[in-house]
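A.B. asks: Prediction below, plus the sequence it came from.
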Amino acid sequence: MGSNQSWVTEFTLVGFQLSAQMEMLLFCIFSLFFAFTLLGNGVILGLICLDLRLHTPRYFFLSHLAIIDISYASNNVPKMLANLTFLYLAFAATECLILVVMSYDRFVAICHPLRYTVIMSWRVCSVLAATCWSCGFILALVHAILLLRLPFCGPQEVNHLFCEILSVLKLACVDTWINQVVILAACMFVLVGPLCLTLVSYTRILWAILKIQSREGRVKAFSTCSSLLCVVGLFFGIAMVVYMVPDSSQREEQEKALSLFHSLFNPVLNPLIYSLRNAQVKGALCRALQRRSMQGTCSVVRWGVFS
């Protein structure tokens, strides 16, 4: 290339080509979803921290999922290419690994209930959580380093809602085969591998549930896992369609819609699925509200005494 070649350092996001009225409507809808994401996951995180009855391995990993969802949704409004690429990929990879750890926790709880406290000790849980976070951020750092070394000489428009790595790679001026190979390897590590392990866990869980003699026991055991299955199916299914199905110009708009669902709607669904189908979480919420009500009553009484 000539020495007078100008390099692109800033990008413009194309987004959806919509009218001003439709953009305003979507802005309001997405703002509500984002608010519900923060509220729902924040409530779950607060309940787990405050209620001692929820200090178990299951809710320990659920608290990590809530933190990931809050961070995941909060970092999808790009301000800087390197920052977004790193954080978005880090939280996505970490969530994949946390979900497979949560499936393993359910497997141990149902298939080995007598050894559950020994196998899923707090030391083991802490190591698993730390490993998930470390692997997610290391993997994202590798992607960010490989991406930032590439030269960009135009065009400047990223045909996506945010600086998604595959969309940005299309604008590079050189061959990106190394990046493509690393992305494929990462998909095998954080999508295909965890999904296979999750399916193995739930296959064994289903087999164990079918052996339970009482119908009530089977229903209760299955209900504890159905919510996690919904989350796993949505998260891994959409991610594999976006990153592992061959790309084409006709699929760009579909990929933007799927990415929007993956990064905005999925974090909203997680607290709804876990809280509405979980008696322990609902019980913890009721106890927290009762304590809040009692504290308010006591404050009124004290104010009346001293006034």
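C.D. replies: Alright, I've got the coordinates.
A.B. asks: Which helix or strand contains Leu147?
C.D. replies: Element membership of Leu147 [criterion: DSSP states H and E] is helix 122-148.
A.B. asks: elements contacting that helix?
C.D. replies: helix 57-74, helix 81-111, helix 165-169, helix 177-187 (3 or more CB pairs under 8 Å, 6 or more residues apart in numbering; DSSP states H and E). To be clear about C-beta, it is placed using only N, CA and C from the backbone, and glycine gets the same treatment.
A.B. asks: how big is the angle separating the second one from helix 177-187?
C.D. replies: Here helix 81-111 points in a direction 20 degrees away from that of helix 177-187 (axes from the mean of the first three to the mean of the last three CA atoms, to 10 degrees).
A.B. asks: Now do helix 81-111, average pLDDT.
C.D. replies: Here helix 81-111 scores 80 as its mean pLDDT.
A.B. asks: got the buried residues for that helix?
C.D. replies: 81, 84-111 (16 or more other CB atoms under 10 Å).
A.B. asks: Which helix or strand lies directly C-terminal to it?
C.D. replies: Next helix or strand after helix 81-111 toward the C-terminus (DSSP H and E): helix 116-119.
A.B. asks: If we go by neighbour counts, what in that next one is buried?
C.D. replies: Tyr116.
A.B. asks: if we look at that helix, which residues are touching it?
C.D. replies: Here helix 116-119 makes contact (CB atoms under 8 Å, 6 or more residues apart in numbering) with Val108, Ala109, His112.
A.B. asks: Excluding covalently adjacent residues, which one is nearest to the last one?
C.D. replies: Of all residues beyond its chain neighbours, the one nearest His112 is Ile119 (6.4 Å), with distances taken as CB to CB, 6 or more residues apart in numbering.
A.B. asks: can you tell me how far that neighbour sits from Met102?
C.D. replies: The gap separating Ile119 from Met102 is 14 Å, by CB to CB, to the nearest Å.
A.B. asks: Phe60 too?
C.D. replies: Phe60 is 10 Å from Met102, by CB to CB.
A.B. asks: same thing with Arg287?
C.D. replies: Following CB to CB, the distance that separates Arg287 from Met102 is 24 Å.
A.B. asks: now do Thr117
C.D. replies: Counting by CB to CB, the gap from Thr117 to Met102 is 17 Å.
A.B. asks: Next up, identify which helix or strand the residue nearest to Leu54 when sequence neighbours are not counted is on.
C.D. replies: Spatial nearest neighbour of Leu54, excluding adjacent residues (CB to CB, 6+ apart): Ile48 at 4.8 Å. Using DSSP H and E, the element containing Ile48 is helix 20-50.
A.B. asks: mean confidence for that helix?
C.D. replies: Per-residue scores along helix 20-50 average to 79.
A.B. asks: Equivalent analysis for stretch 151-169, please.
C.D. replies: On average, stretch 151-169 scores 73.
A.B. asks: and what of stretch 120-140?
C.D. replies: If you average the pLDDT over stretch 120-140, you get 93.
A.B. asks: List the buried residues in it.
C.D. replies: For stretch 120-140, the neighbour count (16+ other CB under 10 Å) marks Met120, Cys125, Leu128, Ala129, Cys132, Trp133, Cys135, Gly136, Phe137, Leu139, Ala140 as buried.
A.B. asks: For the third one, list the residues it contacts.
C.D. replies: Neighbouring residues of Leu128 by CB under 8 Å, 6+ apart: Phe61, Val101.
A.B. asks: just the last one next, same as before
C.D. replies: Applying CB under 8 Å, 6+ apart to Ala140 gives the contacts Thr85, Phe86, Leu87, Tyr88, Leu89, Ala90, Ala93.
A.B. asks: Identify the farthest-apart pair in these.
C.D. replies: Thr85 and Ala93 (12.3 Å; CB to CB).
A.B. asks: re earlier: the residue nearest to Leu54 - how many residues pack around it?
C.D. replies: 21 (other CB atoms under 10 Å).
A.B. asks: ok, it - contacts?
C.D. replies: Leu54, His55, Tyr59, Phe60, Leu62, Ser63, Ala66, Ala284.
A.B. asks: And Gly136, how far from His64?
C.D. replies: 11 Å.
A.B. asks: That should have said Val245, apologies.
C.D. replies: 29 Å.
A.B. asks: The two: who's more crowded?
C.D. replies: His64 (23 against 12).
A.B. asks: For that one, give me its contacts.
C.D. replies: Ile98, Ala129, Cys132, Trp133.
A.B. asks: check contacts around the last one.
C.D. replies: What it means is Trp133. Trp133 neighbours (CB under 8 Å, 6+ apart): His64, Thr94.
A.B. asks: heads up, I number from 3, so please use that
C.D. replies: Will do, 3 is the new start, and the previous item becomes Trp135.
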